[in-house]
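Novice: The following comprises the amino acid sequence and a computationally predicted model.
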Amino acid sequence: MKTASSESFCLTRYKPGSLRELWTIVWPLMLSGMSGTVMVFTDRAILAGYSSEAFNACSAAQPWFWTFDGALMALIACAEVIIGRLNGAQRYKEIGPAVWQMLTLAFATYIILIPVALNARYLLAEPIEELGEPYLRLSLLTLPFELAGCGAVGAFFIGRGDTGKIPFIVVTSCILNVVLDYWFVFGGLGVPSLGIIGAALGTNISSVFSFTVFLVLFLRRKYRDCYAIHTYRWSWDVVRQSLKIGLPNSIAYACSNSGWALVYQFFALKLIPEHYKAYCVAFSIYNFMFFVTDGIGKATGTLCANFIGANRRPFIASVLRQGVRLIGMFGVGFLVFLLLFAHPLTRFLGSKEFANNAVFFDQTNRFLVWYWGVFICDALRFCVQGFLFALLKAKVILVANVLLYWGVCLIPTYLTITYLHWNPVIYAQMLVLNQVIALVGFYVWYKRGTWKQG
């Protein structure tokens with residue numbers, strides 16, 4: 001039964017579950033996410049102009065960073081769902097202490113990251129180990145600041161639907177990263193050329209800067225009384241919820257992203273230079289659009305969590321429909337983007353070494369065609385994941401991601417390339433297939449309607 005407070009609850013000024021309400025939550029998250037993908041793209045683009053070897057090493061080392069980033073962020077950023085449900089239920093005094101707990105957990109991840117950073121060379125294939133090791137090691141050392149800022153404190157704003165401040169922070173951090181990357185990589189103004197190490201240092205400084213700004217905004221006086229910001233109160237209930245929501249997804253991220261990182265190492269060892277470079281370039285272009293995938297997933301989870309907390313589940317179906325509409329619009333936009341800019345971007349990232357290499361351009365085009373399909377399927381999957389997080393059904397995601405990704409994608413890719421010598425584009429094709437299987441399974445479960453209960 002709905003309470004009076006649940007009837008009056010409204011996250012935005014637009015009709016609940018409408019496209020305009022979803023867009024109000026989405027666009028700041030997309031803008032901040034775009035800044036993050038720009039940072040990744042900038043590292044690779046600047047290093048492509050510096051040396052082909054540095055570009056390849058960065059491309060192969062970054063997936064390992066994202067493996068730990070994604071797995072640990074899944075544990076910390078699940079605070080978005082916890083805060084969303086607390087906000088929807090109007091239990092405001094519990095929000096501040098929950099954020100402080102996630103901040104504590106964010107910096108506790110150094111227990112894991114320091115040993116990994118010290119042994120980073122064992123994660124990298126021999127052709128990229130020399131340049132990739134220092135880049136990966138430095139990147140991991142400031143990861144807890146990203147977890148604390150974008151994950152823990154960011155959840156305070158995202159979970160309450162107050163996403164307008166986030167783009168300012170992340171865009172500013174992105175601009176700082178771009179400037180520092182170029183400066184440190186090529187040198188100047190008294191700083192020697194640091195190459196790939198300079199790219200990592202630029203990211204380190206921008207991560208610490210972003211966390212500092214997030215923390216200052218979180219500690220503002222206007223939040224102290226309403227959300228008990230000044231209170232540090234440990235709650236095992238919050239910890240249990242975090243593990244229940246975040247741990248299965250954390251394991252899923254670790255399994256899927258580590259598999260993706262292994263693909264890079266496998267490709268570095270097995271593929272001819274033209275094909276390996278084509279994969280690095282195509283994925284760099286695809287990854288630039290990940291801000292859409294991530295933004296829609298987070299916004300869907302935020303709205304669904306608030307509607308569940310406010311006992312307004314009927315609006316969830318509308319949120320999912322609008323999410324699919326939004327993905328369709330961006331899918332068309334990405335296709336137009338590829339038609340207009342894929343060739344010049346490929347030429348730029350390929351550097352002079354591959355400027356006139358027909359095999360490289362043909363292979364890049366093959367990868368990009370299938371990565372357009374990956375973009376659509378990934379965006380739909382993240383939309384589904386946001387919904388399942390809000391329902392506290394993260395175990396579903398764990399099973400689907402691990403079994404399908406390894407069973408349908410990674411193992412067939414390894415076998416077909418190693419023993420049948422198929423074109424490596426099979427990897428992107430298998431990515432689409434495993435996502436389609438997962439989405440069909442979700443649709444069948446969704447139509448049964450059991451999620452409406454409880």
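Specialist: Sure, I can see it.
Novice: rest of the way, CA atoms for contacts and neighbours
Specialist: Noted.
Novice: and residue 43, what is it in contact with?
Specialist: Residues near residue 43 by CA atoms under 8 Å, 6 or more residues apart in numbering: 58, 178, 181, 199.
Novice: Quickly find the element holding it.
Specialist: Using DSSP states H and E, residue 43 sits in helix 19-50.
Novice: re the thing from before, what is the nearest of the contacts of residue 43 to residue 37?
Specialist: Nearest to residue 37, judged by CA to CA, of the contacts of residue 43 is residue 178 at 11.7 Å.
Novice: That closest one against residue 40, yeah?
Specialist: No. The pair residue 178 / residue 40 is not scored as a contact, 9.7 Å apart, by CA atoms under 8 Å.
Novice: related to what we said a few turns ago, mind checking how far whichever helix or strand comes after the helix holding residue 43 is from the chain centre?
Specialist: Scanning forward in sequence from helix 19-50 by DSSP H and E, the next helix or strand is helix 52-76. How far helix 52-76 lies from its chain's middle: 11 Å, per CA atoms, centre = their mean, to the nearest Å.
Novice: tell me what helix 52-76 is packed against?
Specialist: Counting contacts by 3 or more CA pairs under 8 Å, 6 or more residues apart in numbering; DSSP states H and E, helix 52-76 is packed against helix 19-50, helix 95-108, helix 126-141, helix 236-270, helix 273-288.
Novice: still on that earlier bit, which two of the contacts of residue 43 lie the greatest distance from each other?
Specialist: 58 and 178 (15.5 Å).
Novice: So which of these two has more stuff around it?
Specialist: Between residue 58 and residue 178, residue 58 has the larger neighbour count (other CA atoms under 10 Å), namely 27 against 21.
Novice: close enough to count as contact, the more buried one and residue 135?
Specialist: Yes. When contacts are counted by CA under 8 Å, residue 58 is listed as touching residue 135 (7.1 Å).
Novice: Could you measure from the most centrally placed residue in the chain over to residue 184?
Specialist: For the chain, residue 294 is the residue whose C-alpha lies nearest the centre (CA atoms, centre = their mean; 5.7 Å). Using CA to CA, to the nearest Å, residue 294 is found at 29 Å from residue 184.
Novice: ok, the closest residue to residue 227 other than its chain neighbours - contacts?
Specialist: Distance criterion CA to CA, 6 or more residues apart in numbering; nearest residue to residue 227, sequence neighbours excluded, is residue 93 at 4.6 Å. Applying CA under 8 Å, 6+ apart to residue 93 gives the contacts 226-228.
Novice: count of neighbours near residue 161?
Specialist: Using other CA under 10 Å, the number of residues around residue 161 comes to 21.
Novice: from memory it sits against residue 302, does it?
Specialist: Yes. Contact criterion CA under 8 Å: residue 161 and residue 302 qualify, at 7.1 Å.
Novice: Count residues in the vicinity of residue 336, would you?
Specialist: Applying other CA under 10 Å, we find 12 other residues in the vicinity of residue 336.
Novice: What strand or helix carries it?
Specialist: Assigned by DSSP H and E, residue 336 belongs to helix 314-350.
Novice: For the helix or strand following that helix, buried residues please.
Specialist: Note on helix 314-350: by DSSP H and E, the next helix or strand toward the C-terminus is helix 358-390. Neighbour-count burial for helix 358-390, counted by 16 or more other CA atoms under 10 Å, picks out 360-361, 363-390.
Novice: quick check: angle from helix 358-390 to helix 273-288?
Specialist: With axes from the mean of the first three to the mean of the last three CA atoms, to 10 degrees defining the directions, helix 358-390 sits at 40 degrees from helix 273-288.
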